[in-house]
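*Asks:* Fold the following and give me the result.
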Amino acid sequence: MNAVVYDPSDSTIIVSGRTQAVVKLDAANRVVWILGAHKGWGTSGDGTPLGPFLLKPLDATGQPITDALVINGDVNHPDFEWSWYQHAPLVMANGDIMLFDNGGTNRTFSGRGQYSRAVQYRIDAKAKTVRQVWTYGKERGPSTFSAIVSDVDVLIG
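*Replies:* I've put the predicted structure just below:
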């Protein structure tokens, strides 16, 4: 695991797994949602199907992204990218999730594109959707790439 943070809005924890995406768990260790590419998720250790907890990506206008290659993490969408090998999730004052998306040794399951970025996601837990609302770093390419660790914080000036 790369990080665990507490979300006081609903007394849950958000866990960042190096290769297992970002998962929100309640006090009884039940999955609330999974923020990650949909490929490869089956059942939890207790046999619970995990598919219903996978957040569905939205484009910049809030419309569902229906391309299976994007949903599964094989390619990026112009308005949305899953995080890879992410660190330092934080719950922002408005409830959004910000994290450092390392990119790791692969960006998408294709392995193409070596860059790291800060990214902010807006999650609707009831609708099980996620929209990328802000990102910075991709445009810098390998000059800000960090294959491991790193952090992101919100600075109010």
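*Asks:* quick one: Ala118 from Val149, how far?
*Replies:* When Cβ to Cβ, to the nearest Å is the yardstick, Ala118 and Val149 sit 14 Å from each other. Placement of C-beta: from N, CA and C, glycine included.
*Asks:* now do Gly95
*Replies:* Going from Gly95 to Val149 by Cβ to Cβ gives 26 Å.
*Asks:* Lys126 falls within a strand, correct?
*Replies:* No - counting by DSSP: H, G, I helix; E, B strand; the rest coil, Lys126 is not found in a strand; it is coil.
*Asks:* State the distance from it to Ile156.
*Replies:* Distance from Lys126 to Ile156, by Cβ to Cβ: 29 Å.
*Asks:* Looking at these two, which one has more neighbours?
*Replies:* Applying other Cβ atoms under 10 Å to Lys126 and Ile156 shows that Lys126 carries more neighbours, namely 7 against 4.
*Asks:* Quick one, grab the pLDDT at that one.
*Replies:* At Lys126, the pLDDT value in this model is 96.
*Asks:* residue contacts, the closest residue to Lys39 other than its chain neighbours?
*Replies:* Distances taken as Cβ to Cβ, 6 or more residues apart in numbering put Asn72 closest to Lys39, at 4.0 Å, once the chain neighbours are dropped. Going by Cβ atoms under 8 Å, 6 or more residues apart in numbering, Asn72 touches 37-39, 109.
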